[in-house]
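Enquirer: what follows is a predicted protein model with its sequence.
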Amino acid sequence: MESILNEKQRQLWMLMQKINRCWYEGRPAKLADFFHDEIVFNTPDFRHQVRGREPCIRSYAGFMDSSRILLYKENNPVVQVFRNTAIVAYDFEMKYEQNNVTYHETGTDIFVFEQEKEQWKAVWRVMSNIKNVT
């Protein structure tokens, strides 16, 4: 799929990959460059939300403080652009360790971006189809 993305879609996919590298390489504070002030993270069941740039960054930092990433892969990007709004969705596979327990999950990560003054900022996120791999 990545090879058939147009230039704007490719730029957004590359932005998404930069965002992911920030957290899994242990630089969650750098996410501030990519998140809107009022970004919202939704839980997969949509029952809870984390609102605001700093709380969302802290959610990544908290995960990384208690986890060791063993594997992280992204594939099957789907990028849709509508004027100043874009949706980036992709499948992921992640294996990580917390408290000496190894977890192996797959799922879909979905981000919504808004373009402000030629810069795209993430405004909304949800992870779905989370499955434990045995």
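Expert: That came in fine, so what should we check first?

Enquirer: can you point me to the longest helix in this protein?
Expert: The single longest helix within the chain, with elements called by DSSP state H, is helix 7-24.

Enquirer: how about it, which residues are buried there?
Expert: Of all the residues in helix 7-24, those buried under the rule 16 or more other C-beta atoms under 10 Å are 9, 12, 13, 15, 16, 19, 20, 22, 23, 24. (Glycine included, C-beta is placed from N, CA and C.)

Enquirer: what sits against the residue lying farthest from the centre of the chain?
Expert: Of all residues in the chain, residue 100 has its C-alpha farthest from the mean position, at 24.8 Å, by C-alpha atoms, centre = their mean. Residue 100 sits next to no residue when contact means C-beta atoms under 8 Å, 6 or more residues apart in numbering.

Enquirer: now the element after the longest helix of the chain, going C-ward?
Expert: strand 35-42 (DSSP states H and E).

Enquirer: neighbouring strands - and their directions - for that following strand?
Expert: According to DSSP bridges, strand 35-42 forms sheet pairs with strand 49-51 (antiparallel), strand 119-132 (parallel).

Enquirer: helix or strand right after the first one?
Expert: Read in the C-terminal direction, the helix or strand following strand 49-51 is helix 53-65, with elements assigned using DSSP H and E.
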